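Chemist: After the sequence you'll find the predicted model.
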Amino acid sequence: MIDGKGNPNTSQAYQDAIETLFPVSYALKFASKKTLGKDYVVPPLEGLWWGTPKGQTRFSATDKALWSWTSLMMVPDFISAEMVLETIASVKESKQPPAIDKVRFETLEEGLSVQIMHIGPFEDEGPTAENMHAFAAEQGYTLTGKHHEIYLSDFRKVDPAKNKVVLRHPIKPAAP
């Protein structure tokens with residue numbers, strides 16, 4: 001995981017996070033194969049997003065400069081914290097990605113969540129997210145935690161109209 005703030009379209013910190021997470025994730029995959037004899041597919045890039053004030057569960061595209069985010073890539077349960085730290089040190093020495101000193105290893109536990117697939121440009125996510133929020137409310141839940149996105153397409157390479165993103169949000173039963 002790497003934390004940051006600002007508009008993902010213009011933030012150098014966001015670009016640096018992406019340019020760091022991919023080499024660490026692939027180096028970890030190859031270290032696992034070599035050291036543990038276990039291979040796996042590197043999972044997609046993910047993002048946790050929240051606005052101001054802290055804990056705001058809904059935010060608009062007009063305030064992107066105020067967004068806070070955590071970019072992350074999951075690893076299998078058989079990967080130890082020690083292996084991650086060793087891999088980070090190795091990648092730092094060999095490739096020197098820009099945000100390597102900001103990488104941390106942490107368990108993400110969201111609990112019960114609601115999710116929906118969005119296909120298309122990120123700028124068009126609003127109505128899809130609102131549909132997800134409305135569905136949660138109709139089912140008797142309220143949003144909690146941070147907005148979560150799982151990027152099934154590599155947005156650096158895919159036509160924005162073909163982006164596939166799982167929009168996800170932790171929920172809890174609404175107060176009666």
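Modeler: Arrived safely, thanks for sending.

Chemist: Please count neighbours and contacts with C-alpha atoms only from this point.
Modeler: OK.

Chemist: any low-confidence regions in this protein?
Modeler: The chain contains residues with pLDDT under 70 at 52-62.

Chemist: For the closest residue to residue 81 other than its chain neighbours, give me its contacts.
Modeler: Leaving aside its sequence neighbours, residue 81 sits nearest to residue 105 (C-alpha to C-alpha, 6 or more residues apart in numbering; 6.7 Å). Applying C-alpha atoms under 8 Å, 6 or more residues apart in numbering to residue 105 gives the contacts 1, 81, 84, 85.

Chemist: Kindly report the same for residue 172.
Modeler: 112, 141, 142, 143, 144.

Chemist: Look at it and tell me its secondary structure.
Modeler: Following DSSP: H, G, I helix; E, B strand; the rest coil, we place residue 172 in the strand state.

Chemist: ok, it to residue 111 distance?
Modeler: Separation of residue 172 from residue 111 (C-alpha to C-alpha, to the nearest Å) stands at 9 Å.

Chemist: now do residue 120
Modeler: With the distance defined as C-alpha to C-alpha, residue 120 ends up 27 Å from residue 111.

Chemist: Look up how far residue 164 lies from residue 79.
Modeler: 27 Å.

Chemist: repeat for residue 155
Modeler: With distances taken as C-alpha to C-alpha, residue 155 is found 9 Å from residue 164.

Chemist: Ok, residue 46 next?
Modeler: Taking C-alpha to C-alpha, one finds residue 46 at 12 Å from residue 164.

Chemist: Identify the contacts common to these two.
Modeler: Common neighbours of residue 46 and residue 164 (C-alpha under 8 Å, 6+ apart) are residue 151.

Chemist: so what are the domain limits for this protein?
Modeler: Following automatic domain parsing, one gets these domains for the chain: 1-108, 111-176.

Chemist: Could you pull out the strands in this structure for me?
Modeler: Counting by DSSP state E, the chain has strands at residues 2-5, 45-50, 68-73, 113-119, 141-143, 147-151, 164-173.

Chemist: now those in CSV, with distance to residue 91?
Modeler: Shown next, in CSV, are these (distance: least, C-alpha to C-alpha, whole Å):
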stretch, distance to residue 91
strand 2-5, 15
strand 45-50, 18
strand 68-73, 16
strand 113-119, 33
strand 141-143, 37
strand 147-151, 23
strand 164-173, 28
